[in-house]
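My questions are about this predicted structure, shown below with the sequence.
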Amino acid sequence: MAILRVNVAAFRQLMEHHGWSERDLSERMGLAYSYVNRVLAGKRQPGSKFVAGALVIGMTMDQAFVIDQSTPRPDHPT
């Protein structure tokens, strides 16, 4: 199963380039700071609003996200 993962390094690089804090980033994305903070910290998966916010600030899908296609472990060993 593929999972959409945030390219945190790309977000940090963009923030550094523009001199933005996480609060600045969240304002520009139109999202709550706590939500952006949790996503960037890996405590929450990005939802559609985060994806849309990344596009609003000028990131492409390829820049902002990585698709993880690793094979999950089976629930029950054979």
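Perfect, I can see it now. Residues are numbered from 1 along each chain as shown.

Report how many residues lie close to residue 39.
For residue 39, the count of nearby residues is 21 (other CB atoms under 10 Å). For glycine as for every other residue, the C-beta is placed from the backbone atoms N, C-alpha and C.

likewise residue 29?
21.

Check which residues of stretch 7-14 are buried.
Across stretch 7-14, burial judged by 16 or more other CB atoms under 10 Å covers 7, 10-11, 14.

wait, stretch 62-71
Buried-residue list, stretch 62-71, by 16+ other CB under 10 Å: 64-66.

about what we covered before: is it possible to get a markdown table of the buried residues of stretch 7-14 that adds secondary structure, distance to residue 32 and pLDDT?
Output for the buried residues of stretch 7-14, formatted as a markdown table (DSSP: H, G, I helix; E, B strand; the rest coil; distance: CB to CB, whole Å; pLDDT from 0 to 100):
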| residue | secondary structure | distance to residue 32 | pLDDT |
| --- | --- | --- | --- |
| 7 | coil | 21 | 97 |
| 10 | helix | 21 | 98 |
| 11 | helix | 16 | 98 |
| 14 | helix | 19 | 97 |
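
chain center to stretch 33-49, what's the gap?
Offset of stretch 33-49 from its chain centre (CA atoms, centre = their mean, to the nearest Å): 7 Å.

Could I get the average pLDDT for it?
Mean pLDDT, stretch 33-49: 96.

contacts for it?
Stretch 33-49 has contacts (CB atoms under 8 Å, 6 or more residues apart in numbering) with 3-4, 6, 8, 11-12, 22-23, 25-27, 29-31, 50, 53-54, 65.

rerun that using 10 Å as the cut-off
Identification of contacts with stretch 33-49 by CB atoms under 10 Å, 6 or more residues apart in numbering yields 3-6, 8, 11-12, 15, 21-32, 50, 53-54, 64-65.
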